[in-house]
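> give me a 3D structure for the following:
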Amino acid sequence: MDLNFNKNEDYNKLLVTDLKKRLVQIKLGGGKSKIEKEHAKGKLTARERIDYLLDPKSKSIEVGAFAGDGMYESHGGCPSAGVVVKIGYVKGKQCIVVANDATVKAGAWFPITAKKNLRAQEIAIENRLPIIYLVDSAGVYLPLQDEIFPDKEHFGRIFRNNAQMSSMGITQIAAVMGSCVAGGAYLPVMSDEAIIVDKTASIFLAGSYLVKAAIGESIDNETLGGATTHCEISGVTDYKAKDDGDALDKIKSIMDKIGDFDKAGFSKKPSKKPKGNLKDLFGLLPKSRADQYDMYEIINRLVDNSEIEEYKADYGKTIITAYARIDGWAIGIVANQRKLVKSANKEMQFGGVIYNDSADKATRFIANCNQKKIPLVFLQDVTGFMVGSKSEHSGIIKDGAKMVNAVSNSVVPKFTVIIGNSYGAGNYAMCGKAYDPRLIVAWPSAELAVMSGNSAAKVLLQIETASLKNKGETITTEKETELFDQIKSRYDEQVSPYYSAARMWTDAVIEPTETRDWISMGIEAADHAPIQKAFNMGVMQV
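Next up, the predicted model:
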């Protein structure tokens, strides 16, 4: 290995170390003292409940671990959005589990909590995946109620989705393991089956204090909406559990008896490890986002037996299109090539830039994968579409629109991995969040923004200096440098993969070596949902 490889390796491993440290802190939820308080009540924490529920030693992936990270600091923070979401296996059946974290503001719902819960339901709906709710929440976080209550993508959408999933035949199981109040009380009742833990759990539209204030009735919460009330009198819940473990065991028993699902029928063969060493990814990916590298070397470390069947290998070289397998699943890869390449007319093309021919090739390949029922995997490291008179006169907007059209209308499952840059319209064409990837993840090296920090800072600096000059201020070289650094620092914070993950623009920030597991589990989930419609790109400018 050369010196540059070693420098890259050291840098990228430090990024992963930082990722792990951040995750350790986030997994503490509201902190050790809050965890101890839950244990003192005889309750498990959200993460302990999920660990108990999922099959031992089975694979799982966590969606939205960084949701809310760095947000709501004036309200004391909201680690992991106060809810833990994992895709895993219960009694050998793949499912998605949603567990309120009562150590974070008693499990109250912040705006980002609603967004994360809706994302979990979206995954269940798209993939026809069983969903399990472990309910322990004080309801809407009142200081921010105006940002979570009335809109289409707010709290109420959860119950609309409950009803929709029920009509679609998607299994929903709820276990009430703590508070379940106000509007939130509808969730377990709208699930297929509801379990409630005796003494530590309750369900009611209004608690004892509000009941006293509203109608003058004096009653304790246990009598009002405890397990005995709802299992013996109201019939709201179906099973009474003596403690958390008993409730989770009942879920396991129910899941154990669920029948098989209709399959989409994606091609699967025995898995083969890549010939290339997965850990080489750390050395292959350059420290600087502006540096060139060979995307084929990255693909070589991700796909089974390091084998690809490349489509149009000598055409449109700044995008790689190829058939391959990951963990045995057939996939179609659409990846940005990041090194300088020569076009057919011997001109050099910049890596990471989408040219006319690249967009045309990708469009055709996406159509082919749809025709052959092959899931698509997008490996993003894109700076955008090529600009300038030559590209404009060649119709880059038209060719780019065709690619966006193909991505938008694709009916096979799509999965997106943001390896490096994800800038501007390149993010859209390479299946960014707005284009409904079944899962979208970022490596710690990723950057998401309209443009790079340097480019944006230069543009914003011109605007800022022009404004100051109009006010009569003299802009010295030192002042200009100071302004540039301030602008770039602010912008760089926003391009961080953690900034994106906090806002659920991506599902996770992952170690590069975890990429195969995410794609494999994602396709397995997608195989639960047979494709219902044909691929049709509609009207296009040819």
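
> OK, contacts around the closest residue in space to Glu62 that isn't next to it in sequence?
Nearest non-adjacent residue to Glu62, counting by C-beta to C-beta, 6 or more residues apart in numbering: Lys86, 5.1 Å away. Where you see a C-beta, it was placed from the backbone N, CA and C, and this is true even at glycine. Contact partners of Lys86, counting by C-beta atoms under 8 Å, 6 or more residues apart in numbering, are Ile50, Leu54, Ser60, Ile61, Glu62, Val63, Ile96, Val97.

> and the next element down the chain from the helix or strand harbouring Lys86?
In the assignment (DSSP states H and E), Lys86 maps to strand 83-90. Next helix or strand after strand 83-90 toward the C-terminus (DSSP H and E): strand 93-100.

> contacts only, for Gly169.
By C-beta under 8 Å, 6+ apart, the neighbours of Gly169 are Arg128.

> could you check how far it is from Ala359?
Distance of Gly169 to Ala359, given as C-beta to C-beta, to the nearest Å: 39 Å.

> end to end, how far does stretch 463-481 reach?
14 Å (C-alpha to C-alpha, to the nearest Å).

> also stretch 301-320?
End-to-end distance (C-alpha to C-alpha), stretch 301-320: 15 Å.

> quick one: the strands in the stretch 1-150 of the chain?
Along the stretch 1-150 of the chain, the stretches classed as strands by DSSP state E, counting those that start in this stretch are 61-63, 83-90, 93-100, 131-137.

> got it, and the stretch 151-300 of the chain?
172-181, 193-197, 202-204, 239-241.

> now for the ones you listed, which one comes closest to Glu222?
strand 202-204 (6.8 Å; C-beta to C-beta).

> okay, now the sheet partners of the closest one, with direction.
strand 172-181 (parallel) (DSSP bridges).

> which element follows the helix or strand harbouring Arg490 toward the C-terminus?
According to DSSP H and E, Arg490 maps onto helix 477-495. The helix or strand immediately downstream of helix 477-495 is helix 497-502, counting by DSSP H and E.

> how about the secondary structure of the residue of the chain positioned farthest from its centre?
Largest separation from the mean C-alpha position in the chain: Gly472, at 47.7 Å (C-alpha atoms, centre = their mean). What DSSP: H, G, I helix; E, B strand; the rest coil gives for Gly472 is coil.

> confidence score at it?
The per-residue pLDDT reported for Gly472 equals 81.

> again with Leu461
Predicted confidence (pLDDT) for Leu461: 79.

> report the contact partners of Ala362.
Contacts of Ala362 by C-beta under 8 Å, 6+ apart are Gly316, Ile319, Thr321, Val334, Ile354, Met403, Ala406, Ala429.

> tell me how far it lies from Ile320.
Taking C-beta to C-beta, one finds Ala362 at 9 Å from Ile320.

> what do these two both touch?
With C-beta under 8 Å, 6+ apart, Ala362 and Ile320 have common neighbours Val334.

> could you tell me the end-to-end distance of stretch 124-139?
22 Å.

> give me the buried positions along that stretch.
124-139 (16 or more other C-beta atoms under 10 Å).

> which of these sit farthest apart?
Across these (C-beta to C-beta), the longest gap, 31.4 Å, separates Arg128 and Ala138.

> for Ala330, find the nearest of the strands of the stretch 1-150 of the chain.
That would be strand 93-100 among those, by C-beta to C-beta, at 18.6 Å.

> tilt between that closest one and strand 172-181?
10 degrees (axes from the mean of the first three to the mean of the last three C-alpha atoms, to 10 degrees).

> how many neighbouring residues does Phe159 have?
Phe159 has 16 neighbours, counted by other C-beta atoms under 10 Å.

> that one and Ala442, how far apart?
31 Å.

> got it, and Phe66?
10 Å.

> what's the overlap in contacts for these two?
By C-beta under 8 Å, 6+ apart, the residues touching both Phe66 and Ala442 are Ala501, Ala508, Val509.
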